[in-house]
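A.B. asks: this one's structure only:
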Ligand SMILES: [Zn+2]
């Protein structure tokens, strides 16, 4: 959307959801998968700090209720695993889930360097796999960058050779190659975000909104070269 264009009905509804209280988001799940996904993202990216044990139980109960779209359930399981640093749950979703962007991102966030997973990611990058979708390949490159020196020059070579992407992805590719070919001691975690995402407070339509966005400091690539001021 350009600044001159008025927001569409979808954009207005999406913005309005960000003004809902966390309790209301937990209570009110529309039937449409699009809005279920939006609510799940708001809860997991913008409200996670507020979710106490009872809220997590409620969320888990909802996910098991059969009322929520299966892709949204999958997303919630992946992000819940990251939030609770629960590697076993993430691994339970492997291998069926490992080609999906949500799973790949979660594995990168949990710094999962597992030989079987890396093998599947290599196949995805080389495009040998039936599910070599561009969104999945992009997430693989991002996750390899999060792993950095752990996966080393071989991962950098794969990205250099097989990942082209568009112009916007060039910075990502360069970052991953740098991360994988230099020592981990040369990098510091971005202190401004959580896994490349920040909570965004803004004036909503009629009240304050709490949404999320990509971190402006690291651009969603949450390791910064040591000594470089953001
Ligand atoms: Zn950041």
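C.D. replies: Thanks, I have it. Quick caveat: nothing in here was measured; it's all calculated off a predicted structure.

A.B. asks: Residue 139 contacts residue 107, correct?
C.D. replies: No: Residue 139 lies out of contact with residue 107 (Cβ atoms under 8 Å); the separation is 9.0 Å. (Glycine included, C-beta is placed from N, CA and C.)

A.B. asks: Looking at the two, which has the bigger crowd around it?
C.D. replies: Each of residue 139 and residue 107 has its neighbours counted (other Cβ atoms under 10 Å); residue 107 has more, 30 against 23.

A.B. asks: For burial, what's the neighbour tally of residue 118?
C.D. replies: Residue 118: 21 surrounding residues under other Cβ under 10 Å.

A.B. asks: For it, which non-adjacent residue is closest in space?
C.D. replies: residue 151 (6.8 Å; Cβ to Cβ, 6 or more residues apart in numbering).

A.B. asks: Please report how far that neighbour lies from residue 88.
C.D. replies: 22 Å (Cβ to Cβ, to the nearest Å).

A.B. asks: Please apply the same query to residue 102.
C.D. replies: With Cβ to Cβ as the criterion, residue 102 and residue 88 are 17 Å apart.

A.B. asks: list the contacts for the residue nearest to residue 118?
C.D. replies: 113, 118, 144, 180 (Cβ atoms under 8 Å, 6 or more residues apart in numbering).

A.B. asks: Get me the contact residues on the protein for the ion.
C.D. replies: Proximity of the chain to the ion, by Cβ under 5 Å from the ion, involves residues 190, 192, 193, 215, 217, 218.

A.B. asks: Dump these into CSV; add distance to residue 24 and secondary structure as well.
C.D. replies: CSV is the format used below for the residues of the chain next to the ion (distance: Cβ to Cβ, whole Å; DSSP: H, G, I helix; E, B strand; the rest coil):
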residue, distance to residue 24, secondary structure
190, 31, coil
192, 28, coil
193, 26, coil
215, 27, coil
217, 31, coil
218, 31, coil
